[in-house]
Structure formats: C-alpha cells, structure tokens
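Trainee: Model the following, please.
(one chain, ligands or ions: 1)
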Amino acid sequence: MTCPHCKSVHTSERPKRTELGYRRFLCRRCGREFNERTGTPFNRLQYPSDVVCLVVLWRLRHALLWRKSSYGTQSQRGSRFVEAILTVVSSCQQQGRNVLAYLTACCRAFSMGRVGPSLLPRTSSSLRIC
Ligand SMILES: [Zn+2]
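Mentor: Take a look at the predicted model:
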C-alpha cells in the first residue's frame, strides 16, 4: 500500500483494523499511520464506503432514471435546464418544500421583475438527510 502522505511504498500492515474494519498501515519512511480510506473523500466518514456509495447512488437514481428514459438532452442549454430543475426538485424534497409552489413563486417573481425565492434552506435544522 502506498503511503498517502509521502507516497512511499515501504509500508507495513498493522495487526488491528479500524473501527469500521479497514486495514491499517504504517509508513516506514515518514512514520505516519494510515488506513485504506486515508486521502480519499471517504476518510473520517462514520459509515462504511459501500454504504456511502449506495446512498449517493440512491440520491442520483432519479437523475439517472430520467436520463435513461428521456435519452438525455440535445444541447448544452437543455443539459443546464435539466441540471437546474433536478437541483430544484432534490433541494425542495430535502427541505420538505413543495416543488410546484417554489417554481410558481419563481415564475411570479420573474414576471414582476423581482428576484425569485432562495433555494437555500431557511435554517440548517430544516435539512432532512436522505
Ligand atoms: Zn509516508
């Protein structure tokens, strides 16, 4: 295993695994300890990598199914529109907001020359995880 800190290949596996069961290593060059997830986006997550990947896949499922059933878009502009709408739908769902009410408010604001409502959560506690 290559050390993520100094890129040395002179490492040895430690006898104990992490709390989540990942292998631990010791770098003989820099003396630092690391595990299979060190230096990856999964480092320090409290859930196993396969569970995190399943959650991400589940969150992307709607967009993937849409793309598969609609054969994608025909232009960059169409792709940006789909990205924006899927973001609105996902954000509203996570915040427990009504998508149609949000889009209606955006259209009303646009027709009156005003700035539309924010898509950001009103408070951090209003976010729902999964
Ligand atoms: Zn090292």
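
Trainee: which element is residue 102 on?
Mentor: helix 99-111 (DSSP states H and E).

Trainee: if I look at the most centrally placed residue in the chain, how far off is the ion?
Mentor: For the chain, the residue sitting closest to the mean C-alpha position, by Cα atoms, centre = their mean, is residue 56 at 6.0 Å. Distance from residue 56 to the ion, counting by Cβ to the ion, to the nearest Å: 29 Å. Backbone N, C-alpha and C define where each C-beta goes, glycine included.

Trainee: ok, now residue 115?
Mentor: Between residue 115 and the ion the distance, using Cβ to the ion, works out to 51 Å.

Trainee: and that residue, what does it touch?
Mentor: Counting by Cβ atoms under 8 Å, 6 or more residues apart in numbering, residue 115 makes contact with residue 109.

Trainee: Could I get the CA-only coordinates of stretch 51-58 as PDB?
Mentor: Coordinates of the C-alpha atoms in stretch 51-58 are reproduced here as PDB (Å, rounded to 0.1, in the frame of the first residue of the first chain):
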ATOM      1  CA  VAL A  51     -23.000   2.300   2.400                       C
ATOM      2  CA  VAL A  52     -21.900   5.800   1.400                       C
ATOM      3  CA  CYS A  53     -21.800   4.700  -2.300                       C
ATOM      4  CA  LEU A  54     -25.300   3.200  -2.100                       C
ATOM      5  CA  VAL A  55     -26.700   6.400  -0.600                       C
ATOM      6  CA  VAL A  56     -25.100   8.500  -3.300                       C
ATOM      7  CA  LEU A  57     -26.400   6.200  -6.000                       C
ATOM      8  CA  TRP A  58     -29.800   6.300  -4.400                       C
END
